[in-house]
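Q: sequence and predicted structure are below.
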Amino acid sequence: MKPIIEFCASNMHHGTDKLMKKLEADPDIEVIEYGCLGNCGECYLAPFGMVNGTIVSADTVEELETKMMDEIEEQQAVQEALDRIIDDL
């Protein structure tokens, strides 16, 4: 299943619009933009987005991209481990 990355339109002033466009070009990632993700304090202070419902924030857009990719890898590793456990049952 493709990871879903969500961005807040109100957070674009941090430069997340460029990251969103870059990720939209990746066919292995689903990107969604919302008018609001309900994290106004986070949105005002720093670049952020959500990876499969998990908030990811950083001091810079470049760091945000790295953290998002790390979060995707971590979530996939957890899912693979759970799948192996289920297969062993």
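A: Perfect, I can see it now.
Q: buried residues in the lengthiest helix in the chain, which are they?
A: Longest helix in the chain, counting residues (DSSP state H): helix 61-88. Using 16 or more other C-beta atoms under 10 Å as the test for burial, helix 61-88 gives 61, 64-65, 67-69, 71-72. From N, CA and C alone the C-beta is placed, and that goes for glycine too.
Q: now pLDDT too, for the residues you listed, in JSON lines please.
A: Formatted as JSON lines, the buried residues of helix 61-88 follow (pLDDT from 0 to 100):
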{"residue": "61", "pLDDT": "97"}
{"residue": "64", "pLDDT": "98"}
{"residue": "65", "pLDDT": "97"}
{"residue": "67", "pLDDT": "98"}
{"residue": "68", "pLDDT": "98"}
{"residue": "69", "pLDDT": "97"}
{"residue": "71", "pLDDT": "97"}
{"residue": "72", "pLDDT": "97"}
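Q: please convert those to CSV, extending it with distance to residue 52.
A: Listed next are the buried residues of helix 61-88 as CSV, based on distance: C-beta to C-beta, whole Å:
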residue, distance to residue 52
61, 20
64, 15
65, 16
67, 13
68, 10
69, 13
71, 8
72, 8
